[in-house]
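> dropping the sequence and predicted coords here.
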Amino acid sequence: MTFEQLGLSEELLKAISSAGYTEPTPIQSQAIPAVLGMNDVTGIAQTGTGKTAAFVLPMIDRLASGRSKARMPRSLIIEPTRELASQVAENFVKYGVNHKLSMALLIGGVSFGDQDKALMQGVDVLIATPGRLIDQFERGKLLLTGLEMLVIDEADRMLDMGFIPDIEKICSMLPPRRQTLLFSATMPPEISRLASQFQTMPKRIEVSRPAQTADTISQYVVELSINDHKARRTALRRVIESREVKNGIVFCNRKSEVDIVAKSLSKYGHDAAPIHGDLPQSYRTQTLEKFRGGDLKLLVASDVAARGLDIPDVGHVFNYSPPPNSDDYVHRIGRTGRAGRKGESFTLVCPEDIKLWDAVKKRVQKDIEPYMPEGLKEELEELPTSGKSYGAKGKSKSSSRSGSRSNSKSDNRKDDRKQAGELLPPAPAGPVKGLGDHVPAFLQRPI
Ligand code: ADP
Ligand code: MG
């Protein structure tokens, strides 16, 4: 299958080939003709399978004819997070280079002046997070009566984040005659219900989810014998130091853990920064751009913040603990080993994680090899933890560690001990610039 066979315009085909794409992904080759044919579409395919272009490309051609009116967007794309909204906007810029479509982005945390101006003039595409959209609608800033197309993207993530009532509310503000597209990685019953409520005879396109994780990923488990966060942090560092890590994502289950782990890694000389929903937008954008550009080695993230983020070519994934949902394990480690590249994943498992870990093993149906960096066991036995008393064993063993830290002479053990009782404040590791500083340039002008 080629892009040429899908019924897209010449201008769009040119933009696609300059973007470097040679052939459509399975969800794209099925969804694009269906959208061009004016059908409602329910598209289900795993994260990272190119769902964005599956709707952005045909939307550009659909919107190419016709004009927008003041305050009346012609199409609306709802995204669960600001980052995802920005990424979709970037996609419109990339593929829309040969078109004259206008766009606005309604997301929390960024200055609104230019977007408001664009909206006033009328936009072809409005990309929004639910809260901000409802807010602006209720203030009378926006008329939705002219809407021709609606996209509910990352629907399962919307569900996880509690946005379903918002989506229902938004749909009730829209004209009934419109094309509605819904994309999701999974299809839980709540999403099926949403689809049947707001779509008209949708074409259901399902690309079988990878029941299995890619073979290009080597998966390892690091089994720790105690439940202790300090031990986890130490283990995480040693694992990272024992591998050749070009870049990687560290996944945590809680926002507070994201902050603590990022701080701890930075403190021990690792280039790491946190990303989660409570951090200022400017900081999140800045961090993500650094990571994408190769200027940040380790991104410490929560599942929600990371879901759907377009981060190509990650060499390593580290799970600070197994995720509460075994599907998320597949999503997490699917961040590496993409497009035939090799990747490694490491999951820290303490006794308290056994249930979660069993669920993961059942889900992936693969042997996950145990891994233990040299010297880590001994080091952990010496750690001052709530479960173990400090100094019970000889300290000389620390020299057998194979860690790559350069200042190993003075050792960080004292710092370790100090840190054990210390709760790190949940603040970003780098300077936080003023809101709006990192609004990408493309948001400042119509495309
Ligand atoms: P999803 O929404 O399904 O999680 P995205 O739309 O974010 O996936 O796309 C994931 C990655 O795949 C992005 O880096 C995107 O640029 C890339 N991609 C999308 N379509 C193609 C294609 N046809 N060929 C190659 N790469 C693609
Ligand atoms: Mg997506």
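Noted; the coordinates are in hand. Ligands and ions are numbered 1, 2, ... in the order given.
> contacts and neighbour counts: CA atoms only from here.
Will do.
> how many residues are close by residue 245?
16 (other Cα atoms under 10 Å).
> any idea how far ligand 1 is from it?
Counting by Cα to the nearest ligand atom, to the nearest Å, the gap from residue 245 to ligand 1 is 21 Å.
> likewise for residue 35?
16 Å.
> for this structure, what are the low-confidence residue spans?
Judged by pLDDT under 70, the chain has its weakly predicted residues at 110-111, 209-213, 307-310, 312, 339-340, 385-447.
> domain-wise, how is it divided?
3-209, 217-423 (automatic domain parsing).
> how about the strands in the stretch 101-250 of the chain?
103-106, 125-128, 149-152, 179-184, 203-206, 217-223, 248-252 (DSSP state E, counting those that start in this stretch).
> okay, these in TSV with distance to residue 193 next?
Below are those laid out as TSV (distance: least, Cα to Cα, whole Å):
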stretch	distance to residue 193
strand 103-106	26
strand 125-128	22
strand 149-152	13
strand 179-184	12
strand 203-206	13
strand 217-223	35
strand 248-252	31
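> wait, which of the ones you listed is closest to residue 235?
Nearest to residue 235 among the strands of the stretch 101-250 of the chain is strand 217-223 (8.2 Å), distances taken as Cα to Cα.
> what about the helix or strand where residue 291 lies, near ligand 1?
Taking DSSP states H and E as the definition, residue 291 sits inside helix 281-292. No - judged by Cα under 6 Å from any ligand atom, helix 281-292 stays clear of ligand 1, getting no closer than 10.7 Å.
> my read is that residue 118 contacts residue 104, right?
Yes - counting by Cα atoms under 8 Å, residue 118 touches residue 104, with 6.2 Å between them.
> more neighbours, these two?
Between residue 118 and residue 104, residue 104 has the larger neighbour count (other Cα under 10 Å), namely 27 against 21.
> what residues are bridge-paired with the more buried one?
residue 126 (DSSP bridges).
> residues of the chain that sit close to ligand 1?
So the chain meets ligand 1 at 21, 23-25, 46-53, 308, 310, 312 (Cα under 6 Å from any ligand atom).
> just the buried ones from the residues you listed, in ChimeraX syntax?
Burial among those is assessed by 16 or more other Cα atoms under 10 Å; the matching ChimeraX selection reads:
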select :24,25,46,47,48,49,50,51,52,53,308,310
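> farthest pair within the residues of the chain next to ligand 1?
23 and 308 (20.8 Å).
> re earlier: what is the next helix or strand after the helix holding residue 291 packed up against?
Tracing the chain past helix 281-292, the next element assigned as helix or strand by DSSP H and E is strand 298-302. Here strand 298-302 touches strand 248-252, helix 255-267, strand 272-275, going by 3 or more Cα pairs under 8 Å, 6 or more residues apart in numbering; DSSP states H and E.
> which one of the ones you listed is the most hemmed in?
strand 272-275 (a mean of 28; mean count of other Cα atoms under 10 Å).
> outside of that strand, which residues touch it?
Contact partners of strand 272-275, identified using Cα atoms under 8 Å, 6 or more residues apart in numbering, comprise 258-259, 262-263, 265-266, 284, 287, 296-302, 305, 428-430.
> partners of it in the sheet?
Partners of strand 272-275 in its sheet, by DSSP bridges: strand 298-302 (parallel).
> and residue 299, bridged to which residues?
Here residue 299, judged by DSSP bridges, has bridge partners residue 249, residue 273.
> for it, give its distance to ligand 1.
Applying Cα to the nearest ligand atom to residue 299 and ligand 1 gives a distance of 17 Å.
> hmm, that residue is touching residue 291, no?
Yes - Residue 299 lies in contact with residue 291 (Cα under 8 Å); the separation is 7.0 Å.
> nice, that's everything, thank you.
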